[in-house]
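J.: Only the shape, not the letters, is given here:
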């Protein structure tokens, strides 16, 4: 696996080594020893998967401490624009975001550590999105930031995505009182 650092500290893009032949392909999408190293000893405890039609936007979500989640995300089928927003107080990149296209062709994997809000926009119908989490879901600790917040100015490439009522009513970035420190 090739691990690529992003301009935002601790966000990592992972390019697996894909073995292809006339039958199809094979690649390692997770290796406990490798990921323990890059996640500073965190372990994964829950796997989640979503299925969405084109132009569905989910996010920007996070869980507050002590239930904060690191996420290892990838696309099994289809394509997404994946976005992580740094919400770690004291970070040089606080309020900055990083976006990347993840799809079933590039097989790219994205590591988003605790302290980031996360969201994605599906770019194709029938997209299957998968993620491993370092903490169990806890409803009482969940938080969200409005996906189209003017202060974040995220370039989603679409004007009217399909969003849940909950995501359409999320808080502004300015009103965020972050529980994360760097």
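T.: Right, received. Where do you want to start? On a predicted model such as this, the values are computed, not experimentally measured, just so you know.

J.: Correct me if wrong: residue 172 contacts residue 147.
T.: No - contact between residue 172 and residue 147 fails when scored by C-beta atoms under 8 Å: they sit 11.2 Å apart. Glycine gets a C-beta too; all of them are placed from N, C-alpha and C.

J.: more neighbours, the two?
T.: Neighbours were tallied for residue 172 and for residue 147 using other C-beta atoms under 10 Å; the higher tally belongs to residue 147 (24 against 12).

J.: Assign the more buried one to helix, strand or coil.
T.: coil (DSSP: H, G, I helix; E, B strand; the rest coil).

J.: tell me the contacts of it?
T.: Neighbour list for residue 147: 57, 59-60, 119, 154, 156, 161, 163, 167, 170 [criterion: C-beta atoms under 8 Å, 6 or more residues apart in numbering].

J.: For the residues you listed, pick the one with the most neighbours.
T.: Top of the contacts of residue 147 by neighbour number is residue 60, holding 28 neighbours under the definition other C-beta under 10 Å.

J.: Just the element for that one, please.
T.: Assigned by DSSP states H and E, residue 60 falls within strand 57-63.

J.: Please report the number of neighbouring residues for the nearest residue in space to residue 73 that is not next to it in sequence.
T.: Excluding its sequence neighbours, the residue lying closest to residue 73 (C-beta to C-beta, 6 or more residues apart in numbering) is residue 131, at 4.2 Å. If you count neighbours by other C-beta under 10 Å, residue 131 ends up with 22.

J.: Same check on residue 51?
T.: Neighbours of residue 51 (other C-beta under 10 Å): 13.

J.: Can you tell me how far it is from residue 143?
T.: Residue 51 is 24 Å from residue 143, where distance means C-beta to C-beta, to the nearest Å.

J.: Need phi/psi at the nearest residue to residue 180 once chain neighbours are set aside.
T.: Counting by C-beta to C-beta, 6+ apart, residue 180 lies nearest to residue 115, which is 3.9 Å off, once chain neighbours are set aside. Dihedral pair for residue 115: phi 100, psi 10, per degrees, to the nearest 10.

J.: Enumerate every residue touching the most centrally placed residue in the chain.
T.: Geometric centre of the chain, nearest residue: residue 118, 4.5 Å, by C-alpha atoms, centre = their mean. Going by C-beta under 8 Å, 6+ apart, residue 118 touches 59-62, 71, 73, 82-85, 112.
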